[in-house]
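Colleague: A predicted structure for the sequence below; I have some questions about it.
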Amino acid sequence: MTLRVMPPSKTFAVHSSLLFDPKKKAFRKNISIEIDRDTGSIANVYERNDEDDLQLQIHAGDIDLRGAGKCVLPGLVDSHTHVFLHSYVDRPSIEQMRDSCAVERVLRAASHVRAALLAGFTTYRDLGTEALGNADAQLRDCINRGLVPGPRMFVATDALASSGSYEIRRENKSLSGSGGLIVPRASDPCDGVDGVRAGVRRRVGDGADIIKFYADYRRKVMRFPGPGTSNTSNQPILFPPNDPRRRNPAVPLFGQDEMDAIVREAKLAELPVAAHAGETKAALMAARAGVTTVEHMFEDSHGLLNETLKEMKRQGTIWVPTLATVESAAPQFMEDCLAAVRKAVEMGVRVVTGGDTGVIDHGLNARELELFVKAGIPIEEVLEMATVGGWEACGGELTGYRFGWWEKGCRADIIALDADPREDEKALRKVGFVMKDGKVWKASGRAVDMITVPEFPPSMDMDN
């Protein structure tokens, strides 16, 4: 009798008892997802009836995520991250950019992407290395080559900013332009229509998936330098303006013609555009220019919120409000920001989740989703924003991939919670299973395959 060894099946199935479907914005029962091992994509999605479920056969290689309390979701997307930053509570960003060596920052980043993946975030939209050039593109490539575990990354490399605007400030500058304290470059400075077009082209050449520019920033810090500002002086300025926000307000960095040119040039390269805007004034300009997303928009000093939201809806602009950063770094704006998010959703503006993660620690990404729920957004809407919405923020079809929902050809990014998010407000912190591109990285609450130990080759066998 000859025993035939059957090759492993090209596909395997993941079985769920409770699954969230972002396209339907609904929780569904008894769904199975068939996955193609070779492509790491979804091959089929089918629903089992109750009778089939009782008689379900689990084949070799299949994954059973059924069970009381388990809830299956597509892998989550964090639409605003900085992998080369860690919590500002631990160390202010200015010190990380100015003083931390590149080796430390790269090693921390490798830890950050691992933590994010294990937290169920299978895609990162990383919006600037903060003084490390295009190291994010290189880290993205290392993940894609299988050298380090981490989310799928779409990166901006350096953000664009006008001259003298987004940079590491210091008082020790030489009058002659030489000497003094030399610091890393925090952005790619460019000015004028031709200058910003060249800046976009430099970002494309450096490997960017996304073009990011600073529509505004608090660039007048050196008018009133001192403790608590972006420099090293401990000597306060006497009698500064009473309102701290007037000492260094967020003001536009580019004119409308320059913002328009950035978007036009990015469209030629078929790349999405993200605009940092702390104030609604710059956000309105960015929306008029046709950016893909506006980031932050914490303040409305000029009373332009309604006009800005209307323009964003008209243009199809996505808002990434980064509530987790508001909570951590600017809690005085929290209630206003929660109200603005509610208003935006009610007006039909596309809003998605992204925590500006790096301001808070990587691995705590779910806090952004919890704050959306706190803002009064139903959990079904929030989960859709963190999946399909994240794909749209990354560029949608421009990414070259489909992820964030259940459909043949989508990436096989699957996570399972050990609690039902409709019943447990902390359910998104309880990720017990993570798969990305058909590969399991976490099972039964434990990391899987994070380190590959090489096998001894036959040439090292003592008997040879």
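Modeller: Everything's here; your move.
Colleague: what helix or strand does residue 163 sit in?
Modeller: Assigned by DSSP states H and E, residue 163 belongs to no helix or strand.
Colleague: who touches it in this structure?
Modeller: Applying Cβ atoms under 8 Å, 6 or more residues apart in numbering to residue 163 gives the contacts 189, 190, 191. The way it works is simple: take the backbone N, C-alpha and C, and place the C-beta from them, glycine included.
Colleague: Distance check, it against residue 258.
Modeller: To residue 258, residue 163 is 12 Å away according to Cβ to Cβ, to the nearest Å.
Colleague: picking up where we left off before, which of the contacts of residue 163 sits closest to residue 234?
Modeller: residue 189 (28.5 Å; Cβ to Cβ).
Colleague: what do residue 163 and residue 258 both touch?
Modeller: By Cβ under 8 Å, 6+ apart, the residues touching both residue 163 and residue 258 are residue 191.
Colleague: returning to that earlier point: let me have the contacts of residue 163 in JSON lines, extended by distance to residue 142 and secondary structure.
Modeller: Formatted as JSON lines, the contacts of residue 163 follow (distance: Cβ to Cβ, whole Å; DSSP: H, G, I helix; E, B strand; the rest coil):
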{"residue": "189", "distance to residue 142": "28", "secondary structure": "strand"}
{"residue": "190", "distance to residue 142": "28", "secondary structure": "coil"}
{"residue": "191", "distance to residue 142": "34", "secondary structure": "coil"}
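Colleague: Now do the helices in this protein.
Modeller: Ranges of helices within the chain are 50-54, 93-99, 102-118, 135-144, 192-205, 244-247, 256-268, 280-289, 305-315, 323-329, 334-347, 366-374, 379-385, 388-394, based on DSSP state H.
Colleague: Show me the shaky parts of the stretch 351-464 of the chain.
Modeller: Low-confidence segments of the stretch 351-464 of the chain, defined by pLDDT under 70: 462-464.
Colleague: before we move on, back to that, including mean neighbour count, could the helices of the chain go into a markdown table?
Modeller: Output for the helices of the chain, formatted as a markdown table (neighbours: other Cβ atoms under 10 Å):
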| stretch | mean neighbour count |
| --- | --- |
| helix 50-54 | 10 |
| helix 93-99 | 19 |
| helix 102-118 | 19 |
| helix 135-144 | 20 |
| helix 192-205 | 18 |
| helix 244-247 | 13 |
| helix 256-268 | 19 |
| helix 280-289 | 26 |
| helix 305-315 | 18 |
| helix 323-329 | 22 |
| helix 334-347 | 17 |
| helix 366-374 | 22 |
| helix 379-385 | 22 |
| helix 388-394 | 26 |
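Colleague: between these, which one is nearest to residue 19?
Modeller: Of all those, helix 379-385 comes closest under Cβ to Cβ, at 11.2 Å.
Colleague: Name the surrounding residues that touch that closest one.
Modeller: 20, 22, 25-27, 73, 345, 351-353, 369, 372-373, 377, 421-422.
Colleague: Could you rerun that using 7 Å?
Modeller: Here helix 379-385 makes contact (Cβ atoms under 7 Å, 6 or more residues apart in numbering) with 20, 22, 25-26, 73, 351-353, 369, 372-373, 421-422.
Colleague: Any of those residues buried? List them.
Modeller: 20, 22, 73, 351, 352, 353, 369, 372, 373, 421 (16 or more other Cβ atoms under 10 Å).
Colleague: Excluding chain neighbours, what is closest to residue 111?
Modeller: Spatial nearest neighbour of residue 111, chain neighbours left out: residue 362 (7.9 Å); criterion: Cβ to Cβ, 6 or more residues apart in numbering.
Colleague: Quick check: that neighbour vs residue 401, distance?
Modeller: In terms of Cβ to Cβ, residue 362 sits 22 Å off from residue 401.
Colleague: Equivalent analysis for residue 263, please.
Modeller: On the measure of Cβ to Cβ, residue 263 and residue 401 end up 23 Å apart.
Colleague: Also residue 197?
Modeller: In terms of Cβ to Cβ, residue 197 sits 28 Å off from residue 401.
Colleague: Equivalent analysis for residue 346, please.
Modeller: Taken as Cβ to Cβ, the span from residue 346 to residue 401 is 31 Å.
Colleague: where does the stretch 51-200 of the chain dip in pLDDT?
Modeller: 51-54, 174-180.
Colleague: Thanks a lot, catch you later.
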